[in-house]
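1. sharing a sequence plus its predicted fold:
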Amino acid sequence: MTNRVTLLGKLVDAPKIRTIEVRNGSIEIVSLWIEAPSGERADRFTVEINCPKAAAAAKAMRAGVVAEINGQLRHDRWKDKASGKWTGKVFVAIDPGEGSLRSKGLADTAEAA
């Protein structure tokens, strides 16, 4: 792995599952939206999971779960068809054998107290 990112944060929403058709079949990508607090600030990150083992774990998670993510920082770029302008996004990727995802249980909430 050329770069490593470790996040510990709360899932903001349920996992999203996308299926992409390719020449030899299809690829399933599971996406998570994680909120990682840092002092008074809380940043949100997209995590895209390409590893079948991590994807199975992600599908079992729900909003409010605290997760530990180990993966690679990536930048994806494309040209918008409507405007012709380049756009992009930065995300964390979990590829087979190169990252991991673990649940740390439900986040504490003020309502639960």
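-> Okay, I see it. Numbering: from 1, shown residues only.
2. ok now do the residue nearest the centre of the chain, which residues does it touch?
-> The centre of the chain sits closest to V47, judged by Cα atoms, centre = their mean, with a distance of 1.5 Å. Applying Cβ atoms under 8 Å, 6 or more residues apart in numbering, we find V47 in contact with 7, 31-34, 69, 71, 91-94, 101. For glycine as for every other residue, the C-beta is placed from the backbone atoms N, C-alpha and C.
3. so what strands line up beside the helix or strand bottoming out on mean pLDDT in the chain?
-> Among the helices and strands of the chain, strand 100-106 carries the lowest confidence by mean pLDDT, DSSP states H and E, at a mean of 88. Using DSSP bridges, the strands paired with strand 100-106 in its sheet are strand 65-79 (antiparallel).
4. buried set for the strand it pairs with?
-> 65-67, 69-72 (16 or more other Cβ atoms under 10 Å).
5. ok, now stretch 34-46?
-> Those would be 34-36, 45, for stretch 34-46 by 16+ other Cβ under 10 Å.
6. same question for the host helix or strand of the residue nearest to the centre of the chain, mean pLDDT?
-> Taking DSSP states H and E as the definition, one finds V47 inside strand 41-49. In this model, strand 41-49 has an average pLDDT of 93.
7. distance from the chain centre to that strand, please.
-> Mean-position distance between strand 41-49 and its chain equals 7 Å (Cα atoms, centre = their mean, to the nearest Å).
8. now do stretch 85-104
-> Per Cα atoms, centre = their mean, the centroid offset for stretch 85-104 relative to its chain is 5 Å.
9. how long is it end to end?
-> 40 Å (Cα to Cα, to the nearest Å).
10. any stretches of the protein with poor pLDDT?
-> For the chain, the stretches with pLDDT under 70 are 1, 107, 109-113.
11. got the contact list for the residue lying closest to K85 once chain neighbours are set aside?
-> Of all residues not flanking K85 in the chain, K79 sits nearest, at 7.2 Å (Cβ to Cβ, 6 or more residues apart in numbering). Contact analysis of K79 by Cβ under 8 Å, 6+ apart lists 85-87.
12. let's have these in TSV, adding secondary structure.
-> Shown next, in TSV, are the contacts of K79 (DSSP: H, G, I helix; E, B strand; the rest coil):
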residue	secondary structure
K85	coil
W86	strand
T87	strand
